[in-house]
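Visitor: Next input, structure requested:
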Amino acid sequence: MGLVIKRGCLSAVVLQSAVMIELEDVKGRLADMETVLTEAHVAAAAVWETLLTEHPAIALPFDTTTRANIIHDHLCAELGWRLADTPGVELTDCLGFTGLKVGQDILLRFKFVGHGAPSNVATEQQKLLARQEYSEDMTLVLTGDPALKPPTLLTCGHTLDGAKVGRIEIRRDCKGHRPWMYDIYGGTRVVAPIAFPGMQDAAKPATVRKTTERKKDTGTGTVQSA
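Guide: Here you go, the predicted model:
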């Protein structure tokens, strides 16, 4: 949606909150995919292990970021062919990162979580996703209709034990709210928020809201946020 910005005026940015899917629902929805997710992770890590053992001169200079990128790219390639004929499941990079759309209410991204919670470069888009919020443009490219509710962003995170996969977890994070997570490989951990009587459910999504940001004319034909 194009907006004509004039000096000193306010522009509205519409933020759409995700459909917040809960732990037990996710466990049921992804149960049939756990084997595929595990096998794809193991295969991707095996590529890194082969590089280390058979081509050490190539692999040893790589830092942890390069290692994570190699495993991630091979993981996405593995998932691409393993899930190619699965109804309702689609691999997409429309938001600038590769994720797995499962139906209309789950967007699953893939991360190394060896240091705990997943980390991301603090772009404006990632700041929104950390709050389970999407802009109209993000919702449009993801769903085809900016009026639709966008999906819950989940993370399929893995750790490494040497060069092999240590553990794989599914988790939901939302800034300011209690996370939940559960293991699908290498462990049996389930971490779920405990709701005490009378406690407000802080994990419920907010309604669609508008934020405003003041714009100013720089005098050079461009517009900047104040």
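Visitor: contacts and neighbour counts: CA atoms only from here.
Guide: Noted.
Visitor: which of the residues in the strand or helix carrying residue 81 are buried?
Guide: Element membership of residue 81 [criterion: DSSP states H and E] is helix 64-82. Neighbour counts over helix 64-82 (16 or more other Cα atoms under 10 Å) mark 67, 71-72, 74-76, 78-80 as buried.
Visitor: Can you tell me which of these is closest to residue 165?
Guide: Set against residue 165, the nearest of the buried residues of helix 64-82 by Cα to Cα is residue 71 (10.3 Å).
Visitor: Please tell me how far that closest one sits from residue 42.
Guide: 10 Å (Cα to Cα, to the nearest Å).
Visitor: Next: residue 24.
Guide: For residue 24, the distance to residue 42 equals 25 Å [Cα to Cα].
Visitor: Compare those two (neighbour count), which wins?
Guide: residue 42 (18 against 9; other Cα atoms under 10 Å).
Visitor: Quick check: closest non-adjacent residue to the more buried one.
Guide: Sequence neighbours aside, residue 165 is the residue nearest to residue 42 in space, at 6.0 Å (criterion: Cα to Cα, 6 or more residues apart in numbering).
Visitor: tell me which element that neighbour is part of?
Guide: Going by DSSP H and E, residue 165 is in strand 164-172.
Visitor: next helix or strand past the longest helix anywhere in the chain?
Guide: Using DSSP state H to define each element, the chain has its longest helix at helix 34-54. Next helix or strand after helix 34-54 toward the C-terminus (DSSP H and E): helix 56-59.
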